[in-house]
Structure formats: C-alpha cells, structure tokens
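A.B. asks: Predicted model, plus sequence, below.
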Amino acid sequence: MSGIKRSQLVNMNQHYRRFSLDYFLDCQQRLDIGQIELWCGAAHFWLDHTGYDDVPALRQKLRDHGVRVVSVTAPSMAYQYQYASQEPLGLEYSFRYFSNAIRLASELGADRVVVNSGWGYWGEDETAMWARCRDHLGRLCRVAEPLGVKLAMESLRADESNLVNSLERARRMYREVNHPSLKMMVDNIATGAAGESLDDWFDAFGEDLIHMHFLDGDPWLHNVWGDGNTSLSAQLQSLNDHHYTGYLVQEVADEHYFSDPFAADRRNFRVLERFVED
C-alpha cells in the first residue's frame, strides 16, 4: 500500500469539546499531528453571525504547538444555523454566520470550509427547500471566491437531511449551484450508510472531490479506525487508484470517545500510520 502521505492526515477538535482548546493542541503536539480542521464550537473558538474570537491569539497558540489549520467547520444541523433555514431572518443570520467561517478560514490561511445542504421541514414542498439551499450556497460561493476559499460540500445521512443525502442529490446540487468555488467532499460515514463507494464519488466528481471526513464506520458511527467494520486497506486502495491528494480528516464524533479523546487519537493514528508514507 502506497501513495497516501502522513501529511494528508488531519485531526479535528470536536471530540475534545469537554476539554480546553489548549489541551487539544497539547495532545496534537504530543502525537506529532501538525494539521487540523478547526471545529468552531464553544468554548474552543467562538463563531456566530456577528463575528468571531481573537484570531491573532489563536494564531499564536497554533504556532506555539506547531499546528496549522487547513480547513474550517462551522457547526450546523443541530444548531441555530443551517444552510436551508426556513424563516427569512434565520436564513440571513445563517448566511452571516457561514460567511464569517469563510473569512476566518482566509485569515488562518486555510483554503477550504466544509459545508452541507442543511434540511427543510419534513413535509415541506421539496422545490422550495431545495431552491433555498441552492441559492444560499450560491451566495456563500460569491463570498468565498475573492478570498480564494473553496466550499467543500458533503452529503449527509438520510436521517440527518432531506436534501443532499445521496450521491445523486449531491451531483444535482453541485450542477445547479454551478460555481467554481463549490467543490465536493466525501464523509465516508454518510456515503457508507447510503451504500455508496469512494469509487462512485470519484467517478462522479473527479478532481473536484478535494476533501474527506475519513473514519471507520459501522457504517453509522464516526469511529476511530479499528472500532468499526470499514476496510481501511480497501478505502486506501481506492484513494491510491484515483491519485487522491486531498486531506483525510479524522472527524471523531461519537460521544463514547469524548471522555478520553487523547486515548482515541492515539489508537486511531497508530492504525493509520501503518498504512501511510512519511
């Protein structure tokens, strides 16, 4: 197995939400992990529709730990902000919030922000909620373009969203937004739950598939590698076959890891590092 580099491995901080950002960064330094996707959840780093925390202070913490931010995630779905908010004021607040995530990424030197489709009311007219999401993503693309930031859109599980929850729907949204700042990403928990393979997504999007949340699913849980039933060797073979050079973000999100996230990271990277090159 060859082709995937250790420099493509990226960790995320959301499973450290019960610990401080300083503790998270200390752990990454101990693990020799130099790249993160910044999850902007309190109290690690505050982000809302009015603004965000002290960027120079964050930059200094990152420098002190030898860590850089390569991508940004602004929490959505279960929060007050999402991409297809039904009420006009909520949608405007959401637009400002996600726009701030794009500006934050630019200030931190990250070239991508993770996005999704959000959700409409169950029972709502699909045409209306689809158009609302599409137009919102288009507006965000126009914020991102002059800043050199790409929006990497993931699909969600069918129990999470009634909008983009499959490859077919992802392809449709991508075509309809039709903007060079919108790229695609795989969350292999969502794609696994939908019965889709990495090959399916590479065939659909080619070089516009630039980013991944890459975990050991069952296929429903966001497990560390070794705790699920996903074949890591098969996944890595597909990445190599398609000459994937993007990031592989460890979005450890299941709560049973939250009490000792450092132990989870240590086990996770021990598995991954057996398969990748320096």
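C.D. replies: In hand now; what should we look at?

A.B. asks: For residue 72, see how far away residue 46 is.
C.D. replies: 13 Å (C-beta to C-beta, to the nearest Å). Glycine gets a C-beta too; all of them are placed from N, C-alpha and C.

A.B. asks: Quick check: neighbours shared by these two?
C.D. replies: residue 40 (C-beta atoms under 8 Å, 6 or more residues apart in numbering).

A.B. asks: the more surrounded of these two?
C.D. replies: More crowded of residue 46 and residue 72, by other C-beta atoms under 10 Å: residue 72, with 26 against 12.

A.B. asks: Okay, strands next: where are they in the stretch 1-150 of the chain?
C.D. replies: For the stretch 1-150 of the chain, the strands defined by DSSP state E, counting those that start in this stretch cover 9-12, 35-39, 68-73, 112-115, 150-153.

A.B. asks: Determine how far the first one lies from the middle of the whole chain.
C.D. replies: From the chain centre to the centre of strand 9-12 is a distance of 10 Å (C-alpha atoms, centre = their mean, to the nearest Å).

A.B. asks: same question for it, mean pLDDT?
C.D. replies: Strand 9-12 carries an average pLDDT of 98.

A.B. asks: partners of that strand in the sheet?
C.D. replies: Paired with strand 9-12 in the same sheet, following DSSP bridges, are strand 35-39 (parallel), strand 247-250 (parallel).

A.B. asks: Now that we have the ones you listed, can you turn them into a markdown table and tack on distance to residue 277?
C.D. replies: As requested, those are exported to a markdown table (distance: least, C-beta to C-beta, whole Å):
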| stretch | distance to residue 277 |
| --- | --- |
| strand 35-39 | 16 |
| strand 247-250 | 13 |
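
A.B. asks: Any chance of TSV for those, columns mean pLDDT and mean neighbour count?
C.D. replies: Formatted as TSV, these follow (pLDDT from 0 to 100; neighbours: other C-beta atoms under 10 Å):
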stretch	mean pLDDT	mean neighbour count
strand 35-39	98	24
strand 247-250	98	24
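
A.B. asks: Among these, which comes closest to residue 107?
C.D. replies: Among the strands paired with strand 9-12, the nearest to residue 107 by C-beta to C-beta is strand 35-39 (11.3 Å).

A.B. asks: got a list of contacts for that closest one?
C.D. replies: Outside strand 35-39, the residues touching it (C-beta under 8 Å, 6+ apart) are 7, 9-14, 17, 28, 44-45, 67-73, 75, 108, 110, 114, 247, 249, 251.

A.B. asks: so that strand versus strand 68-73, what angle?
C.D. replies: If you take axes from the mean of the first three to the mean of the last three C-alpha atoms, to 10 degrees, strand 35-39 sits at 30 degrees to strand 68-73.

A.B. asks: Just the C-alpha atoms of stretch 68-75, please, in PDB.
C.D. replies: Taking C-alpha atoms only, stretch 68-75 is exported to PDB below (Å, rounded to 0.1, in the frame of the first residue of the first chain):
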ATOM      1  CA  ARG A  68      -1.800  24.800  11.300                       C
ATOM      2  CA  VAL A  69      -5.400  25.000  10.300                       C
ATOM      3  CA  VAL A  70      -6.100  23.600   6.900                       C
ATOM      4  CA  SER A  71      -9.900  23.600   6.900                       C
ATOM      5  CA  VAL A  72     -12.700  25.100   8.900                       C
ATOM      6  CA  THR A  73     -16.000  23.600  10.000                       C
ATOM      7  CA  ALA A  74     -18.800  25.800  11.300                       C
ATOM      8  CA  PRO A  75     -21.200  23.600  13.400                       C
END
